[in-house]
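Novice: Sequence first, then the predicted structure:
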Amino acid sequence: MTCTTRVGLEMLKRLVRGVPGAEGIRDFFQEYKTESAHRTLGEILFFMEGARIQGEPIHEPLCSFEQRLFAHQFGLPFNKWCQLRDLMERHCRTDSSIQ
């Protein structure tokens, strides 16, 4: 699990409960139950941020394998893990839509 501050943890929990402008995240977790939705989001953010040491060579098959393991750990099919990752990425790019 990625280390998260109390503020970061609360932000992840709020996203799961639903905030104006990011209802899609709440809706995703209502449809696809996971054991710990906020932890799932934390790991998604870890991969979105690069999850790599600066200058580290990236081996795409290994990156995909790591994400498949996380998807399995949180009980999501890989395509749904990718859907959630894309959803989070859209919201992070358009953070002005979140109130």
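Specialist: That came through, no problem. Numbering: from 1, shown residues only.

Novice: Identify the residues contacting the residue nearest to the spatial centre of the chain.
Specialist: In the chain, the centroid-proximal residue (CA atoms, centre = their mean) is Ile44; its distance is 2.6 Å. Going by CB atoms under 8 Å, 6 or more residues apart in numbering, Ile44 touches 81, 84-85, 88. Yep, even glycine has a C-beta here, placed from its N, CA and C like the rest.

Novice: Same question for Pro77.
Specialist: Shown in contact with Pro77 (CB under 8 Å, 6+ apart): Ala71.

Novice: what do you get for Thr40?
Specialist: Shown in contact with Thr40 (CB under 8 Å, 6+ apart): 34, 74, 76, 84.

Novice: Could I get the buried residue list for stretch 34-51?
Specialist: 34, 37-47 (16 or more other CB atoms under 10 Å).

Novice: one step back: tell me the one of the contacts of Thr40 nearest Val19?
Specialist: Leu84 (15.7 Å; CB to CB).

Novice: quick one on the thing from earlier: secondary structure class of the residue nearest to the centre of the chain, three-state.
Specialist: helix (DSSP: H, G, I helix; E, B strand; the rest coil).

Novice: Narrow the contacts of Thr40 to those in helices?
Specialist: Among the contacts of Thr40, DSSP state H puts Leu84 in helices.
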